[in-house]
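1. Attaching a predicted model along with its sequence, questions to come.
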Amino acid sequence: MSTGRLENIPEQCEYYIGNVYDEEILTQLEKYHFEAIIHIAGQSSGEVSFEDPVYDFNTNAMSTLLLLQFAKRKGIQKFIYASSMSVYGDHEEELVDELSLTVPKSFYAVGKLASENYMRIFSSYGIQTTALRFFNVYGIGQNMDNLKQGMFSIYLAQGIDNHHILVKGSKDRFRDFVYIDDVVDGVLFAMNRTDGAPFEVFNISTGKKKTVEELVTTIQEQLPWDVTVEYVEGTPGDQHGIYGDNQKAKELLQWEPEVDFEEGSAKMIRWALERRRK
């Protein structure tokens with residue numbers, strides 16, 4: 001529960017709490033049969049990956065390898081992984097597709113790319129593996145206490161708690177913000193893909209970019225008080241900006257985003273304000 005909350009687990013779920021890179025946890029699951037594994041665990045901050053690269057490797061790459069071995073051993077036929085847009089790094093051509101060069105800038109991104117390659121190898125064992133390269137996910141339910149992960153949630157939490165937003169890096173950086181409901185749909189569509197390919201990679205993105213300045217302005221305009229902004233030096237491995245071509249997901253998964261930034265940001269800010277009042 002390093003970033004999650006126990007109250008977020010639905011009552012009807014059976015759960016085991018532990019490190020996903022701990023083989024002892026996996027031994028507790030041997031008695032079950034699973035149709036699929038959806039691997040969405042792992043620390044998710046590029047900044048944190050520089051503070052503790054070994055921990056980042058364990059939570060992202062090592063966990064994937066252990067779960068793939070578990071899937072092979074148990075005859076599990078589908079494996080869906082939460083990869084990341086960070087595997088691309090920065091590009092002169094800002095719109096990237098799944099064939100774009102991968103040049104990771106953080107240990108976090110290296111671990112995500114390593115996981116994809118483990119999946120590609122394990123797909124030869126009869127496991128249909130799908131890597132979903134999530135772009136910047138935001139929305140209701142996001143962890144508002146972790147100020148090292150999630151650009152939208154970081155700035156929004158600061159705006160609500162401090163009435164001041166500290167931005168690490170240039171205001172001209174940009175991201176492709178994709179709403180959580182659309183991301184969940186992407187996972188479900190990946191579970192049901194029928195193209196037959198043993199290994200596939202998909203961008204889960206909107207194909208639209210928003211600058212840091214535009215994001216901060218949105219937060220300032222929608223909070224019911226004045227919010228000041230301060231820009232300071234950036235963090236190691238931070239990307240300047242790319243946005244994702246989602247044509248492949250549209251064609252092969254029949255998926256496309258339905259929540260635009262204006263609707264999604266309004267939903268998230270209303271939720272965050274209500275949450276803080278409780």
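-> Arrived safely, thanks for sending.

2. So what's the residue count around residue 180?
-> Residues contacting residue 180 under the criterion other Cβ atoms under 10 Å number 17. For every residue, glycine as well, the C-beta is placed using N, CA and C.

3. buried residues in the worst-scoring helix or strand of the chain on mean pLDDT?
-> Counting by mean pLDDT, DSSP states H and E, the chain has its least confident helix or strand at helix 46-51, which shows a mean of 88. Neighbour-count burial for helix 46-51, with 16 or more other Cβ atoms under 10 Å as criterion, is recorded at 46-49.

4. residue boundaries of the strands in the protein?
-> Remark: strands assigned in the chain by DSSP state E are 36-39, 78-84, 95-96, 128-134, 136-138, 164-168, 174-175, 177-179, 199-204, 210-211, 228-232, 243-244.

5. quick one: which of those strands is nearest residue 63?
-> strand 36-39 (7.1 Å; Cβ to Cβ).

6. mind listing what the closest one pairs with, with the direction of each?
-> Here strand 36-39 is paired, per DSSP bridges, with strand 78-84 (parallel).

7. Let's see the strand it pairs with as PDB, backbone CA atoms only.
-> The C-alpha trace of strand 78-84 is given here as PDB (Å, rounded to 0.1, in the frame of the first residue of the first chain):
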ATOM      1  CA  LYS A  78      -3.400 -13.100 -21.300                       C
ATOM      2  CA  PHE A  79      -1.100 -10.500 -19.700                       C
ATOM      3  CA  ILE A  80      -1.800  -6.800 -19.800                       C
ATOM      4  CA  TYR A  81       0.800  -4.300 -18.600                       C
ATOM      5  CA  ALA A  82       0.600  -0.600 -17.600                       C
ATOM      6  CA  SER A  83       3.600   0.700 -19.600                       C
ATOM      7  CA  SER A  84       4.300   4.400 -20.000                       C
END
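
8. Which parts of the stretch 1-150 of the chain are helices?
-> Secondary structure of the stretch 1-150 of the chain (DSSP state H, counting those that start in this stretch): helices at 23-27, 46-51, 53-57, 63-74, 107-122.

9. Could you tell me the least trusted of those helices?
-> Lowest mean pLDDT within the helices of the stretch 1-150 of the chain: helix 46-51, at a mean of 88.

10. Not counting its own residues, what contacts that one?
-> Residues from elsewhere that reach helix 46-51 (Cβ atoms under 8 Å, 6 or more residues apart in numbering): 43, 55-56, 86, 105-109, 111, 148-149, 235-238.

11. Now with 6 Å, please.
-> Helix 46-51 is contacted from outside by 56, 106-108, 148, 235-237, using Cβ atoms under 6 Å, 6 or more residues apart in numbering.

12. Would you mind checking these for buried ones?
-> For the contacts of helix 46-51, a neighbour count by 16+ other Cβ under 10 Å gives the buried set as 56, 106-108, 148, 237.

13. Between all of those residues, which two are separated the most?
-> 107 and 148 (13.7 Å).

14. Report the separation between residue 32 and residue 14.
-> 9 Å (Cβ to Cβ, to the nearest Å).

15. for residue 53, same thing?
-> 33 Å.

16. Repeat that for residue 99.
-> For residue 99 relative to residue 14 (Cβ to Cβ), the value is 40 Å.

17. Likewise for residue 45?
-> Taken as Cβ to Cβ, the span from residue 45 to residue 14 is 29 Å.

18. quick one, which of those two is more surrounded?
-> Taking neighbours as other Cβ under 10 Å, residue 45 and residue 14 compare with residue 45 leading, 18 against 7.

19. so the more buried one touches residue 151, yeah?
-> No: if you go by Cβ atoms under 6 Å, residue 45 and residue 151 don't touch, sitting 10.9 Å apart.

20. ok, which stretches of the stretch 151-278 of the chain are helices?
-> 151-161, 180-191, 212-222, 247-248, 261-277.

21. Name the stretch among these that sits most buried.
-> helix 151-161 (a mean of 21; mean count of other Cβ atoms under 10 Å).

22. Tell me the gap between that helix and the middle of its chain.
-> Mean-position distance between helix 151-161 and its chain equals 18 Å (Cα atoms, centre = their mean, to the nearest Å).

23. Buried residues in stretch 113-131, which are they?
-> Buried, per 16+ other Cβ under 10 Å, within stretch 113-131: 113-116, 118-119, 122-123, 127-131.
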